[in-house]
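Engineer: kindly return the folded structure for what I paste below:
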Amino acid sequence: MTTPLAIETFGLTKYYGRSRGIIDVSLQVEKGEIFGFLGPNGAGKTTTIRLLLDLIRPTRGQARVLGLDPQKDGVEVRKRVGYLPGELALYPDLTGRQLVEYAAHLRNGVPRQEIARLADHLDIDLNRLIRTLSHGNRQKIGLILAMMHRPELLILDEPTTGLDPLMQQVLYELLEEVRREGRTVFFSSHILPEVERLCDRVGILREGRLTAVETVSGLKARALRRMDLIFDRPVDPEPFRSIPGVTEVTASGNTLHVAVQGSLDPLIKAAAQHTLMNIVTYEPNLEEVFLALYREGGSHAA
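Structural biologist: Next up, the predicted model:
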């Protein structure tokens with residue numbers, strides 16, 4: 001029997017009147033992976049998350065979460081999912097501990113040691129009134145609420161908002177722990193370095209449409225790569241400009257500075273006709289890939 005996916009959507013579409021939310025988003029997230037959902041503000045990341053949790057209803061299309069229909073099985077989905085919204089609203093006149101214990105009671109109990117462990121990792125005093133807390137400390141309470149019942153699936157909307165760099169690193173370690181335990185993380189972000197560090201795969205939204213779903217390494221392999229070809233003597237750059245995939249060639253002494261997209265094989269074969277002393281490559285980062293996909297208007301199909 002096939003194990004259900006953590007998340008699966010089929011042509012998921014949402015319009016707000018005449019305004020676009022998302023359009024025909026079809027996506028599969030495997031159990032046990034960290035999946036990053038990328039796009040600038042307004043791309044449709046939060047709309048997608050709200051549809052997955054049945055907080056809003058689709059115009060058309062379907063979603064399944066842990067093999068369940070969120071519209072028909074909403075209670076069961078909420079039992080098995082932890083959720084951190086992008087716009088976190090907490091009861092201001094409760095202490096952090098009162099709020100966490102209230103939420104734990106709604107879940108028929110959560111181990112106190114797990115709450116204490118998360119509070120210790122995130123360095124948050126749960127005895128303070130929520131209205132006295134900074135934005136970052138409120139975010140920590142939101143993370144405890146999402147994670148304390150050790151859910152099968154964590155859905156996090158911009159989880160590092162308001163966290164200082166040290167706490168961001170702590171959160172990354174907690175999410176990697178979730179993955180090691182075989183649980184799943186689905187999180188939206190516009191912070192590309194954190195996605196590059198954490199994610200097994202990413203999906204990229206552009207104006208409500210899913211334009212790419214790929215491993216981070218796969219996306220980077222398709223990106224424009226830059227390298228220096230260092231020869232034993234100056235080499236004429238002109239023949240290199242006509243090589244398929246080469247978009248830029250400049251010469252400096254014995255070195256050709258080259259930008260290439262796609263297969264490196266034609267370039268390497270051309271370079272091998274000379275005495276090649278060294279190759280220095282510059283690894284593209286996810287930000288460069290992301291910007292390239294947006295410049296191309298989403299020409300890389302999902």
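Engineer: check this protein for its longest helix and report it.
Structural biologist: Criterion DSSP state H: the longest helix present in the chain is helix 165-180.
Engineer: buried ones in that one?
Structural biologist: 167, 168, 170, 171, 172, 174, 175, 178, 179 (16 or more other C-beta atoms under 10 Å). Glycine gets a C-beta too; all of them are placed from N, C-alpha and C.
Engineer: please name the nearest non-neighbouring residue to the second one.
Structural biologist: So the one you mean is residue 168. residue 160 (4.8 Å; C-beta to C-beta, 6 or more residues apart in numbering).
Engineer: could you look up the SS state of that neighbour?
Structural biologist: When states are read from DSSP: H, G, I helix; E, B strand; the rest coil, the local structure at residue 160 comes out as coil.
Engineer: so who does it touch?
Structural biologist: 167, 168, 171, 189, 191, 194 (C-beta atoms under 8 Å, 6 or more residues apart in numbering).
Engineer: got a markdown table for these, with pLDDT and distance to residue 226 too?
Structural biologist: Formatted as a markdown table, the contacts of residue 160 follow (pLDDT from 0 to 100; distance: C-beta to C-beta, whole Å):
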| residue | pLDDT | distance to residue 226 |
| --- | --- | --- |
| 167 | 94 | 34 |
| 168 | 93 | 29 |
| 171 | 95 | 32 |
| 189 | 84 | 26 |
| 191 | 77 | 24 |
| 194 | 83 | 24 |
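Engineer: now those as CSV including distance to residue 52?
Structural biologist: Output for the contacts of residue 160, formatted as CSV (distance: C-beta to C-beta, whole Å):
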residue, distance to residue 52
167, 26
168, 24
171, 21
189, 16
191, 21
194, 21
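Engineer: which pair of those spans the longest distance?
Structural biologist: 167 and 189 (15.3 Å; C-beta to C-beta).
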